[in-house]
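K.L.:
What would the 3D arrangement of this be:
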Amino acid sequence: FCNMLAELRKREGERAAAQVTQQSAQD
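P.N.:
Here you go, the predicted structure:
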């Protein structure tokens, strides 16, 4: 269970980072 949670959080972090990168690129 812990492993699954860590994997999910990792994906969320990657998605958030991607959004930030897109916003920076738009500016």
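
K.L.:
as a whole number, average confidence for stretch 6-14?
P.N.:
Confidence for stretch 6-14, expressed as mean pLDDT, is 95.

K.L.:
Put the alpha carbons of it into CSV.
P.N.:
Output in CSV follows, covering the C-alpha atoms of stretch 6-14 (Å, rounded to 0.1, in the frame of the first residue of the first chain):
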residue,chain,number,x,y,z
ALA,A,6,4.4,6.8,-3.1
GLU,A,7,4.0,6.0,-6.8
LEU,A,8,0.8,8.1,-6.9
ARG,A,9,2.4,11.0,-5.2
LYS,A,10,5.4,10.8,-7.5
ARG,A,11,3.0,11.0,-10.5
GLU,A,12,1.2,13.9,-9.0
GLY,A,13,4.5,15.7,-8.5
GLU,A,14,5.5,15.1,-12.1
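
K.L.:
Please enumerate the helices of this protein.
P.N.:
Along the chain, the stretches classed as helices by DSSP state H are 2-26.

K.L.:
Give the burial count for residue 3, as a bare number.
P.N.:
By other C-beta atoms under 10 Å, 7 other residues sit near residue 3. C-beta: built from backbone N, CA, C; applies to glycine.

K.L.:
Please apply the same query to residue 15.
P.N.:
Look at residue 15: counted by other C-beta under 10 Å, it has 10 neighbours.

K.L.:
Ok, residue 7 next?
P.N.:
10.
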